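from the sequence below, what's the structure:
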Amino acid sequence: MTISPTLVDSPALPPLVEPAAELGREEIARYSRHLIIPNVGVTGQKRLKNAKVLFIGAGGLGSPALLYLAAAGVGTIGIVEFDEVDASNLQRQVIHGQADVGRPKGESARDSILGINDNVRVRLHPVRLESANAVALFEQYDLILDGTDNFATRYLVNDAAILAGKPYVWGSIFRFEGQVSVFWESAPGGRGLNYRDLYPEAPPPGLVPSCAEGGVLGVLPATVGSIMATEAIKLITGIGESLLGRLMIYDALAMTFRTVLLRRDPGRVPVTELIDYDEFCGVVSDEASAAAVDATITPTELQRMLGSGREVALIDVRERVEWDIVHIDGARLVPKDRILSGEALAELPQHTPIVVYCKTGIRSAEVLATLRRAGFADATHLHGGIVAWAQQIDPSLPIY
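The predicted model follows:
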């Protein structure tokens with residue numbers, strides 16, 4: 001990442017979208033507070049009406065952004081989303097309600113959007129975004145907004161946007177912090193930047209936990225998603241100074257906003273094709289994958305092992321806050337970082353079978369690799385983690 005703490009004024013980008021032919025009487029009444037802003041006016045509102053915006057994900061960041069873009073009068077909104085609404089989403093994904101649990105997220109989001117503005121055309125893409133479909137999909141829209149929470153999809157969005165020649169607004173949230181920027185490789189005036197200028201390489205597997213593993217303050221997406229929607233409106237209408245070339249960092253605990261300049265990475269290689277992004281980012285490291293090949297047990301096998309009377313050291317490698325939510329009876333808490341650092345290795349039995357588990361199996365695979373490297377030959381890890389255990393063995397346990 002190449003950054004500079006000094007801000008400079010940059011000329012406004014030209015409007016991304018040509019204005020629609022006209023506004024109807026109802027539209028003039030609805031958008032009157034836009035029309036009387038000199039920077040927006042009738043022409044700006046016509047541009048919004050004519051705009052086609054694609055949002056990747058209808059989750060935490062998609063909730064406020066989609067609702068505000070619809071309220072602002074964006075004519076066509078596309079949503080890429082194949083997941084279903086889960087009860088754990090409701091703490092922050094305000095585009096969905098209790099009655100939507102179990103429904104496809106795209107359909108739930110569409111209904112909420114149309115409840116705000118039935119003049120908006122909502123196009124659902126209930127598919128997983130992949131290298132095979134991303135570029136063709138992006139080419140149908142003027143602007144992309146990326147609210148995903150994993151590095152593989154972020155790099156895919158970036159590279160597909162480059163190949164499709166589209167700008168996109170990127171947002172990220174974790175616990176109490178949010179980040180927003182605009183990337184547009186083919187931006188006019190030689191100002192082009194892309195996500196690889198911020199993150200030339202994906203972080204090592206397991207280093208950055210997802211929101212599902214690390215948590216997120218429920219109100220945080222409201223701020224970050226609204227900033228994303230603001231940037232989209234600015235790009236569409238050609239007003240103000242966009243975040244192209246800048247990274248905005250929001251700290252909710254300190255209630256501070258900080259903006260740093262981004263510069264093109266002189267060493268980056270031009271994007272000419274899409275790749276296997278799961279392999280590029282390595283959801284699990286090669287060492288962890290290799291260790292897990294012959295050292296993974298299923299929930300059923302673990303249940304049988306625990307019930308046999310055989311001595312087993314069951315080690316929970318999650319954090320204390322997760323342990324307090326739910327854990328498997330008989331387990332002992334030894335957080336992952338204490339094992340990976342070597343601090344806790346002396347506390348583990350050398351001559352007793354060890355089974356490590358986490359939430360879904362990703363962190364425990366990394367721990368397993370460390371244990372095998374340290375000489376714990378009889379160590380295994382639980383496939384699917386405590387989520388799989390609760391689903392297959394003990395449905396009374398909560399899933400978080």
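
quick one, strands of the stretch 1-150 of the chain?
Secondary structure of the stretch 1-150 of the chain, counting by DSSP state E, counting those that start in this stretch: strands at 3-4, 52-56, 76-80, 121-125, 143-146.

worst mean pLDDT among these?
Note on the strands of the stretch 1-150 of the chain: lowest mean pLDDT is at strand 3-4, with a mean of 49.

residues near residue 169, how many?
By other C-beta atoms under 10 Å, the residues close to residue 169 number 29. Using the backbone N, CA and C atoms, a C-beta is placed for each residue, glycine as well.

that one contacts residue 143, doesn't it?
Yes. The pair residue 169 and residue 143 passes the contact test of C-beta atoms under 8 Å, sitting 7.2 Å apart.

which neighbours do these two share?
The overlap between the contact sets of residue 169 and residue 143 (C-beta atoms under 8 Å, 6 or more residues apart in numbering) consists of 232, 235.

for the helix or strand residue 370 falls within, name the packing helices and strands.
When secondary structure is defined by DSSP states H and E, residue 370 falls within helix 362-373. Using 3 or more C-beta pairs under 8 Å, 6 or more residues apart in numbering; DSSP states H and E as the contact test, the elements touching helix 362-373 are helix 286-292, helix 336-340, strand 354-357, strand 379-382.

per-residue pLDDT, residue 312?
95.

and the gap between the closest residue to it other than its chain neighbours and residue 111?
The shortest distance from residue 312 to any residue other than its chain neighbours is 5.3 Å, reached at residue 353 (C-beta to C-beta, 6 or more residues apart in numbering). Counting by C-beta to C-beta, to the nearest Å, the separation of residue 353 from residue 111 is 51 Å.

same thing with residue 90?
Relative to residue 111, residue 90 is positioned 15 Å away (criterion: C-beta to C-beta).

got the domain boundaries for the protein?
Here the domain parsing of the chain from automatic domain parsing is 3-16+51-281, 286-392.

returning to that earlier point: contacts only, for the residue nearest to residue 312.
By C-beta under 8 Å, 6+ apart, the contact list for residue 353 reads 305, 310-313, 378-380.

which phi and psi does it have?
As for residue 353, its main-chain torsions (degrees, to the nearest 10) stand at phi -60, psi 130.

assess the claim that residue 41 and residue 35 are in contact.
Yes. If you go by C-beta under 8 Å, residue 41 and residue 35 touch, sitting 6.1 Å apart.

neighbour count: those two, which is higher?
Using other C-beta under 10 Å as the criterion, residue 41 and residue 35 rank with residue 35 on top: 17 against 14.

can you tell me how far the more buried one is from residue 394?
As it turns out, when the distance is counted by C-beta to C-beta, residue 35 lies 59 Å from residue 394.

next one: residue 88
Taking C-beta to C-beta as the measure, residue 88 falls 18 Å from residue 394.

got the residue ranges for the helices in the stretch 201-350 of the chain?
211-214, 220-237, 277-281, 286-292, 299-307, 320-325, 336-340 (DSSP state H, counting those that start in this stretch).

repeat that for the stretch 1-150 of the chain.
Counting by DSSP H, counting those that start in this stretch, the stretch 1-150 of the chain has these helices, from start to end: 25-30, 32-35, 41-50, 62-72, 105-116, 134-138.

buried sites along the first one?
Translated: helix 25-30. Judged by neighbour count (16 or more other C-beta atoms under 10 Å), helix 25-30 contains these buried residues: 27, 30.

end-to-end on stretch 81-91?
Across stretch 81-91, the terminal residues are separated by 19 Å (C-alpha to C-alpha, to the nearest Å).

for the record, mean pLDDT for that stretch?
Mean pLDDT, stretch 81-91: 96.

over to stretch 66-74?
Here the average pLDDT along stretch 66-74 is 98.

neighbouring contacts of stretch 234-244?
Residues from elsewhere that reach stretch 234-244, judged by C-beta under 8 Å, 6+ apart: 9-10, 12-17, 39-40, 44, 47-48, 51, 53, 74, 142-143, 167, 169, 180-184, 187, 191, 193, 231, 233, 259.

mind running it again at 6 Å?
By C-beta atoms under 6 Å, 6 or more residues apart in numbering, the list of residues contacting stretch 234-244 from outside reads 10, 13-17, 39, 44, 47-48, 51, 143, 181-182, 184, 231.

tell me how far it lies from the chain's centre.
When distances are taken as C-alpha atoms, centre = their mean, to the nearest Å, stretch 234-244 is centred 23 Å away from the chain's centroid.

gap between the two ends of that stretch?
Counting by C-alpha to C-alpha, you get 11 Å between the two ends of stretch 234-244.

likewise for stretch 160-177?
Stretch 160-177 stretches 27 Å from its first residue to its last (C-alpha to C-alpha).

if you count neighbours, what's buried in that stretch?
160-164, 166-174, 177.

among those, which are in strands?
Among those, the ones falling in strands (DSSP state E) are 168-174, 177.

nearest to residue 101 among the residues you listed?
Distance from residue 101 was checked for each of these by C-beta to C-beta. The minimum falls on residue 173, at 21.8 Å.

contact partners of stretch 142-159?
When contacts are defined by C-beta under 6 Å, 6+ apart, stretch 142-159 is touched by residues 16-17, 51-57, 61-62, 134, 138, 161, 166-171, 194-195, 202, 210-211, 228, 232, 235, 271, 274, 277-278, 281.

so residue 346 versus residue 376, what's the distance?
As judged by C-beta to C-beta, residue 346 and residue 376 stand 12 Å apart.

ok, those two, which is more surrounded?
Shown here are residue 346 and residue 376; by other C-beta under 10 Å, residue 376 has more neighbours (22 against 7).

residues touching the more buried one, list them.
Applying C-beta under 6 Å, 6+ apart, we find residue 376 in contact with residue 354.

name the nearest residue to residue 19, sequence neighbours excluded.
Counting by C-beta to C-beta, 6+ apart, residue 19 lies nearest to residue 46, which is 3.4 Å off, once chain neighbours are set aside.
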